[in-house]
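Enquirer: fold the stuff below for me.
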Amino acid sequence: MPSIFSHAIFASAVGSAYTAEPMAMPVRYWVLTAACAMLPDVDAIGFAFGVRYNSMLGHRGLTHSIAFALLVGLAVGMFAF
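Expert: All right, here's what the predicted structure looks like:
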């Protein structure tokens, strides 16, 4: 089963594959790449607050949607770079 750490490693690997010179990228690029890959699994915190698995706010709900990915990507792109 994938973990948040394997998500970060995979995202970094894909990021380096599509970057001409990976070492030329700033550190914040790599940190944000890993953070954005781990972000959808933050919904697991909801279990501690009684959010059910099949709820829209549960695991694989809202944070695993294309709309969430687009909004996070746009926000990170606008504010981080």
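
Enquirer: check the residue of the chain positioned farthest from its centre and give its pLDDT.
Expert: Distance from the C-alpha centroid of the chain, by CA atoms, centre = their mean, peaks at G50 (23.2 Å). If you check G50, the pLDDT there is 90.

Enquirer: repeat that for M1.
Expert: M1 is given a pLDDT of 63.

Enquirer: can you offset everything so residue one is 58?
Expert: Done: numbering now begins at 58, and the last item shifts to M58.

Enquirer: okay, buried residues for stretch 112-119 please.
Expert: Taking 16 or more other CB atoms under 10 Å as the basis for neighbour counts, the residues of stretch 112-119 that come out buried are G115, H116, G118. C-beta: built from backbone N, CA, C; applies to glycine.

Enquirer: need phi/psi at the residue farthest from the centre of the chain.
Expert: phi 90, psi 10 (degrees, to the nearest 10).

Enquirer: so who does it touch?
Expert: Applying CB atoms under 8 Å, 6 or more residues apart in numbering, we find G107 in contact with no residue.

Enquirer: quick one: it from A91, how far?
Expert: With distances taken as CB to CB, to the nearest Å, G107 is found 29 Å from A91.

Enquirer: repeat that for R85.
Expert: 11 Å.

Enquirer: so where's the protein shaky on pLDDT?
Expert: Judged by pLDDT under 70, the chain has its weakly predicted residues at 58.

Enquirer: the helices in it, which residues?
Expert: With DSSP state H, the ranges of helices along the chain come out as 61-74, 84-95, 123-137.

Enquirer: please produce CSV containing those helices, extended by mean neighbour count and distance to A101.
Expert: Listed next are the helices of the chain as CSV, based on neighbours: other CB atoms under 10 Å; distance: least, CB to CB, whole Å:
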stretch, mean neighbour count, distance to A101
helix 61-74, 14, 9
helix 84-95, 16, 11
helix 123-137, 11, 15
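
Enquirer: tabulate these (CSV), appending distance to G103.
Expert: Converted to CSV, the helices of the chain look like this (distance: least, CB to CB, whole Å):
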stretch, distance to G103
helix 61-74, 15
helix 84-95, 16
helix 123-137, 14
